[in-house]
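Engineer: Need coordinates for the following:
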Amino acid sequence: MVIFSGAKINLGLQILRKRSDGYHDLSTCFFPIKWSDVVEVLPSAGPTSLHGSGIIVPGLLAQNLVYKAWQLLSDLYKIPTVDIYCHKVVPMGAGLGGGSADAVAVLKACNELFGIGLDTEQLCALALWLGSDCPFFVEGQPTLAGGRGEVFEPINLDLSGYQLVVVHPGVSVSTAQAFSQVKPNAAVPDIAQIIRQPVGNWQSAGLRNDFEASVFPQLPVVAALKQQLLDLGAVYAAMSGSGSAVYGLFDQPIDPCAHFDGLAWHQE
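Structural biologist: A predicted model of the protein is given here:
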């Protein structure tokens, strides 16, 4: 079974407070984009294995989120071993959720291949064990998210009138490190209210990513890319997630090839 796993950007990301369980309460809007890895899951005659192509994913098999997705289902439902093939296109450590999307793709594929019968709610509950943003990729629709990223409210948000350009500067940001340096602030504008305004109002209305304050001084190239997108005419630009990818929304077309040669970029 082959699944194009997808990715996301964050339209605003506020870190509200540190929780007693060690996580943070946050507010954001997850928006799906079509920049996608390709995940194939097949029954295996041997031990479960992971085969990669495209961007190289470092680390041990047991530490890989894709493998952990299979392991979770294996522990709960005693499913057979599988061969997992992942062609990696979405940059890692970019705030685009590519690894989370790949893991959810494995949950979905195994659910169907082995007739487990999990519904959307059950898949979301399992995905949360893998990561705070994983439940979003079960359906992958525009979603306001609260809690630690798993409390969802669907939102009708259509950006089809805009050109979205996502740029990755070739550096990665550790999510754990980014969270350790962010300063929570509950006294912030309400993302849900801002996101319902015209896109041209978002920047001036205070739709922002709180991680920018700590990431930009450490990685000036990321701050420079955001400013470049604004200088090119983006009506809104921001960093996604905990970085390092940035994106811009344009109401007039631009040619990314002319401005981001040598960088990984995506448009839709």
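Engineer: same for the worst-scoring helix or strand of the chain on mean pLDDT, what does it pack against?
Structural biologist: When each helix and strand of the chain is scored by mean pLDDT, DSSP states H and E, helix 175-181 comes last, with a mean of 74. Packing partners of helix 175-181 (3 or more Cβ pairs under 8 Å, 6 or more residues apart in numbering; DSSP states H and E): helix 212-218. Every residue, glycine included, has its C-beta placed from N, CA and C.
Engineer: need the strands for the stretch 101-250 of the chain, in chain order.
Structural biologist: For the stretch 101-250 of the chain, the strands defined by DSSP state E, counting those that start in this stretch occupy 143-146, 151-154, 163-168, 236-239, 246-250.
Engineer: Dump the ones you listed to a markdown table, plus mean pLDDT.
Structural biologist: Output for these, formatted as a markdown table (pLDDT from 0 to 100):
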| stretch | mean pLDDT |
| --- | --- |
| strand 143-146 | 95 |
| strand 151-154 | 93 |
| strand 163-168 | 96 |
| strand 236-239 | 98 |
| strand 246-250 | 97 |
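Engineer: Going by neighbour count, which residues in the least confident helix or strand of the chain are buried?
Structural biologist: 175, 178-179 (16 or more other Cβ atoms under 10 Å).
Engineer: Looking at the strands of the stretch 101-250 of the chain, which is nearest to Thr81?
Structural biologist: strand 151-154 (32.5 Å; Cβ to Cβ).
Engineer: For that closest one, which strands pair with it and how are they oriented?
Structural biologist: Taking DSSP bridges as the criterion, strand 151-154 forms sheet pairs with strand 143-146 (antiparallel).
Engineer: Using PDB, list the CA coordinates for the partner strand.
Structural biologist: The C-alpha coordinates for strand 143-146 follow below in PDB (Å, rounded to 0.1, in the frame of the first residue of the first chain):
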ATOM      1  CA  THR A 143      -7.500  22.800  12.000                       C
ATOM      2  CA  LEU A 144      -7.300  25.100  15.000                       C
ATOM      3  CA  ALA A 145      -5.300  23.300  17.700                       C
ATOM      4  CA  GLY A 146      -5.000  23.800  21.400                       C
END
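Engineer: does Leu130 really touch Asn64, like I thought?
Structural biologist: No - between Leu130 and Asn64 no contact is recorded; they are 11.0 Å apart, counting by Cβ atoms under 8 Å.
Engineer: Am I right that Pro253 is in contact with Leu164?
Structural biologist: No - between Pro253 and Leu164 there is no contact under Cβ under 8 Å: 11.4 Å.
Engineer: Between these two, which has more neighbouring residues?
Structural biologist: Using other Cβ atoms under 10 Å, the more surrounded residue of Pro253 and Leu164 is Leu164, with 19 against 10.
Engineer: Look at the residue nearest to that one when sequence neighbours are not counted and say how many residues are nearby.
Structural biologist: Nearest residue to Leu164 in three dimensions, chain neighbours excluded: Glu268, at 5.3 Å (Cβ to Cβ, 6 or more residues apart in numbering). Each residue near Glu268 was counted by other Cβ under 10 Å, and the total is 12.
Engineer: Does Glu268 touch Ile33 like I think?
Structural biologist: Yes - using Cβ under 8 Å, Glu268 is in contact with Ile33, at 6.3 Å.
Engineer: Please enumerate the shared neighbours of the two.
Structural biologist: Leu164 (Cβ atoms under 8 Å, 6 or more residues apart in numbering).
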